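> here is my input; please provide its structure:
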Amino acid sequence: MYRPLLLLLLLLVTISSSATLCQTAGRYDATLTDLIPLIDRKQDFMDVKEMKIQELARTFNQLSTRDTIKYSIANQLYKEYTPYKLDSAIVYAEYSLQLAQQYRDEDWVMESYLDLAALHFTAGMYIDSYNILTSISSEQLSQHLRVKYYDAWKRLYKFYSSANHYDEQYEAKSNTYRDSLLHELDPQNNQYQIVYAEKLLDHQKTEEAKKILIHLLDKSEEEDHERAILCFALATVFKQEGNILLQRKYLIQSSVYDIKNAIKENAAMQALASLLYETEHIEEAYKCIQSSMEDAIFCNARFRTYEASQIFPIIDSAYQENEAQKKSILTLFLAVVCILSIFLTIAIIYVYRQMKRINRVREELFEANQRLQELNVQLNTTNEALHTTNLEVSSVNKELAEANHIKEAYIGHFLDLCSTYIDKLEHFQTVLKKMVMGGKMEELLKRLKSRDMIEREVKELFSTFDHIFLHIYPNFVEDFNSLLLEEERFVLKNNELLNTELRIFALIRLGITDSSKIAGFLHYSTNTIYSYRTRIRNKARVPREDFDDMVMKIGRINKIY
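Here you go, the predicted model:
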């Protein structure tokens with residue numbers, strides 16, 4: 001009763017841990033942007049692995065040495081630790097050997113020896129592995145154990161050839177044991193298909209190998225270690241074909257499955273780091289080789305540590321150089337920002353001085369306005385006295401009254417306009433200060449370079465001028481059109497008070513006859529103003545030489561204004 005319940009508990013723990021580790025078993029193509037964040041989450045998957053191992057270890061420690069199920073638990077712990085932490089895997093493999101010897105089960109003893117041999121060469125202990133394997137005869141093994149036996153010999157020589165000058169000799173021995181392994185395996189078995197694809201690849205039959213591996217990959221359902229092995233094998237196929245994109249794709253896939261299954265004894269991440277370095281993805285290559293080195297050290301897989309240590313200094317050097325270049329660029333940017341800050345400070349000081357100057361001008365204008373008002377009173381008094389005492393100068397008085405009225409209207413509007421522009425400058429200064437305080441340098445430069453405000457203010461100035469002028473001379477347009485030929489008279493658009501031509505002669509009506517001054521006010525060239533004046537005179541129904549004098553006599557002052 002006790003053993004079935006314990007086995008059921010163990011099965012539930014295994015299923016639960018596997019479900020947590022591989023959250024979604026569906027197929028998907030991971031990219032480099034998926035892998036890099038996953039590297040930072042390795043500890044999450046390691047925690048799941050540790051939880052599963054702790055549960056198995058707790059069960060193992062609770063069992064009596066007389067209980068044969070303890071061997072199965074020790075064997076399962078060995079399998080969990082093998083791709084994760086080799087030292088611990090060796091400990092539980094030795095436990096399994098002791099229990100097998102205690103139970104006097106020859107198959108268990110041989111299996112434990114073969115497991116130890118596989119662990120020893122993975123950890124770089126080639127002599128220990130060799131001694132164990134040479135002490136075992138394949139004739140005394142069952143078919144299941146002969147598969148493990150030949151697989152161990154094949155992998156031992158494969159590992160050893162990778163770190164030995166006489167690699168061809170040991171590669172040949174590995175191939176011989178591979179053939180023996182294929183002879184023992186069922187051709188329908190996945191292990192057979194993977195080993196056979198490896199043989200095809202060694203014989204440059206990449207298409208056949210690729211077909212087998214893709215079929216196995218499509219058939220697999222779980223994101224497990226076998227799927228990682230298949231992706232790595234496919235990456236090797238595409239490496240031989242020179243297809244870098246697909247090689248990288250399957251190396252990324254293999255690395256993702258290794259991380260999700262907490263596989264620390266892996267080759268995909270280190271191979272991916274080399275490929276990324278060759279394709280000048282330095283930051284990603286550094287991240288991958290750092291992860292590969294961490295995994296190898298954690299697992300105590302000496303061969304993997306040796307492999308990673310060969311390329312780590314190269315990638316690290318390139319990474320440091322890349323970081324140095326970034327720092328140089330950042331330093332340059334900081335220098336540019338400092339220079340811009342200096343210019344901004346100068347601009348703020350300039351604006352501040354301008355504001356002080358404007359304040360002085362405002363005070364002077366106020367005093368001038370006061371004096372002008374006094375003069376205005378005096379002029380009105382003088383005009384009234386002249387009107388009552390001398391009828392002959394009445395026309396002169398009318399002209400003076402008109403001049404005074406124009407002066408009062410324009411001075412009032414001029415003061416209002418100055419006040420408005422001072423307020424706008426104060427607002428503009430406030431906006432600049434906020435931009436400076438907010439570090440919005442690009443927006444500040446854009447605002448300083450923009451002509452939108454200038455064009456808007458010019459448009460507003462013209463509108464103000466048009467309104468004031470037409471308040472003083474409300475019939476100006478009709479009277480001006482009466483001086484032109486009927487077909488040449490101006491028809492204004494909707495919401496248009498004056499056009500450019502009318503505005504030029506409105507200024508002439510106010511006594512500004514100099515084309516250069518008119519050009520300055522309207523923001524045109526002197527030649528353009530001269531052309532406008534000439535063209536309008538040519539359209540007149542009065543003599544051209546009298547046209548300007550006739551314009552000066554246009555209109556009556558709007559007394560209500």
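
> where does the stretch 101-250 of the chain dip in pLDDT?
Within the stretch 101-250 of the chain, the ranges that satisfy pLDDT under 70 run 163-166.

> quick one: the helices in it, in order.
For the stretch 101-250 of the chain, the helices defined by DSSP state H, counting those that start in this stretch cover 106-122, 126-134, 143-162, 167-184, 190-202, 206-219, 225-241, 244-260.

> closest one to residue 358 among those helices?
Comparing the helices of the stretch 101-250 of the chain against residue 358 with C-beta to C-beta, the closest turns out to be helix 244-260 (65.4 Å). Yep, even glycine has a C-beta here, placed from its N, CA and C like the rest.

> do you know how far residue 315 is from residue 277?
From residue 315 across to residue 277, the span is 5 Å (C-beta to C-beta, to the nearest Å).

> mutual contacts of the two, please.
Counting by C-beta atoms under 8 Å, 6 or more residues apart in numbering, the contacts common to residue 315 and residue 277 are 285, 289.

> among the helices of the stretch 101-250 of the chain, which comes closest to residue 322?
Nearest to residue 322, of the helices of the stretch 101-250 of the chain and by C-beta to C-beta, is helix 244-260 at 19.4 Å.

> elements contacting that closest one?
Helix 244-260 is packed against helix 32-40, helix 42-62, helix 225-241, helix 268-278, with contacts defined by 3 or more C-beta pairs under 8 Å, 6 or more residues apart in numbering; DSSP states H and E.

> most tightly packed of these?
Neighbour counts (mean count of other C-beta atoms under 10 Å) averaged over each of the helices and strands packed on helix 244-260 peak at helix 268-278, with a mean of 23.

> helix or strand right after that one?
Next helix or strand after helix 268-278 toward the C-terminus (DSSP states H and E): helix 282-299.

> would TSV of the helices and strands packed on helix 244-260 with distance to residue 87 be doable?
As requested, those are exported to TSV (distance: least, C-beta to C-beta, whole Å):
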stretch	distance to residue 87
helix 32-40	24
helix 42-62	13
helix 225-241	19
helix 268-278	21
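
> could you list the buried residues of stretch 137-144?
Neighbour counts over stretch 137-144 (16 or more other C-beta atoms under 10 Å) mark residue 141 as buried.

> now that stretch, how far from the chain's geometric center?
Here the centre of stretch 137-144 is set off from its chain's centre by 60 Å, with C-alpha atoms, centre = their mean, to the nearest Å.

> of all the helices and strands packed on helix 244-260, which one comes closest to residue 145?
Of the helices and strands packed on helix 244-260, nearest to residue 145 by C-beta to C-beta is helix 225-241, at 20.8 Å.

> so what touches that closest one?
Contacts of helix 225-241 (C-beta under 8 Å, 6+ apart): 83, 190, 194, 197-198, 201, 204, 206, 209-210, 213-214, 216-217, 220, 244, 246-251, 253-255, 257-258, 261, 263, 266-268, 271.

> can you check stretch 496-505 too?
Contacts of stretch 496-505 (C-beta under 8 Å, 6+ apart): 462-463, 465-467, 469-470, 476-477, 480, 490, 492, 506, 518, 522, 524, 529, 532-533, 535-536, 551.

> buried subset of the residues you listed, written for PyMOL?
Applying 16+ other C-beta under 10 Å to the contacts of stretch 496-505, the buried members can be selected in PyMOL as follows:
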select buried, resi 462+465+466+469+470+476+477+480+506+518+522+524+529+532+533+536+551
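
> so where's the protein shaky on pLDDT?
Applying pLDDT under 70 to the chain flags the ranges 1-29, 163-166, 386, 388-419, 421-423, 426, 428, 450, 555-561.

> can you give the domain ranges for it?
2-319, 451-561 (automatic domain parsing).

> okay, those domains in TSV with distance to residue 368 next?
Output for those, formatted as TSV (distance: least, C-beta to C-beta, whole Å):
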stretch	distance to residue 368
domain 2-319	69
domain 451-561	19
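
> what's around the closest residue to residue 435 other than its chain neighbours, how many residues?
Leaving out its chain neighbours, the residue that sits closest to residue 435 by C-beta to C-beta, 6 or more residues apart in numbering is residue 444, at 4.4 Å. Residue 444 sits with 20 neighbouring residues when counted by other C-beta atoms under 10 Å.

> how about the one 3 residues further on?
When neighbours are defined as other C-beta under 10 Å, residue 447 has 15 of them.

> which ones are touching the closest residue to residue 251 other than its chain neighbours?
Leaving out its chain neighbours, the residue that sits closest to residue 251 by C-beta to C-beta, 6+ apart is residue 272, at 4.1 Å. By C-beta under 8 Å, 6+ apart, the contact list for residue 272 reads 248, 251, 252, 255, 288.

> wait, which of those is closest to residue 59?
Among these, residue 255 lies closest to residue 59 (C-beta to C-beta), at 31.8 Å.

> how much space between the closest one and residue 227?
For residue 255, the distance to residue 227 equals 12 Å [C-beta to C-beta].

> also residue 435?
On the measure of C-beta to C-beta, residue 435 and residue 227 end up 56 Å apart.

> tell me which other helices or strands the helix of greatest length in the chain touches.
Secondary structure of the chain per DSSP state H: the longest helix is helix 302-389. Using 3+ C-beta pairs under 8 Å, 6+ apart as the contact test, the elements touching helix 302-389 are helix 143-162, helix 268-278, helix 282-299, helix 394-438, helix 441-449.

> how about a cut-off of 6 Å?
For helix 302-389, the packing partners by 3 or more C-beta pairs under 6 Å, 6 or more residues apart in numbering; DSSP states H and E come out as helix 268-278, helix 282-299, helix 394-438.

> that helix to helix 282-299, inter-axis angle?
Orientation check (axes from the mean of the first three to the mean of the last three C-alpha atoms, to 10 degrees): helix 302-389 against helix 282-299 gives 140 degrees.

> so how far is helix 302-389 from its chain's centroid?
29 Å.

> ok and it relative to helix 143-162, angle-wise?
Using the same axes, to 10 degrees: helix 302-389 against helix 143-162 is 70 degrees.

> what's the angle from helix 302-389 to helix 126-134?
Using the same axes, to 10 degrees: helix 302-389 against helix 126-134 is 130 degrees.

> distance check, the closest residue to residue 344 other than its chain neighbours against residue 445.
Distance criterion C-beta to C-beta, 6+ apart; nearest residue to residue 344, sequence neighbours excluded, is residue 436 at 5.8 Å. The gap separating residue 436 from residue 445 is 12 Å, by C-beta to C-beta.

> thinking again about what came up before, are any of the contacts of helix 225-241 buried, and which?
Buried among the contacts of helix 225-241 (16+ other C-beta under 10 Å): 83, 194, 197-198, 201, 206, 209-210, 213, 216-217, 220, 247-251, 253-255, 257-258, 261, 263, 266-268, 271.

> sorry, back to before: quick check: the residue nearest to residue 344 vs residue 338, distance?
On the measure of C-beta to C-beta, residue 436 and residue 338 end up 14 Å apart.

> that'll do, ta.
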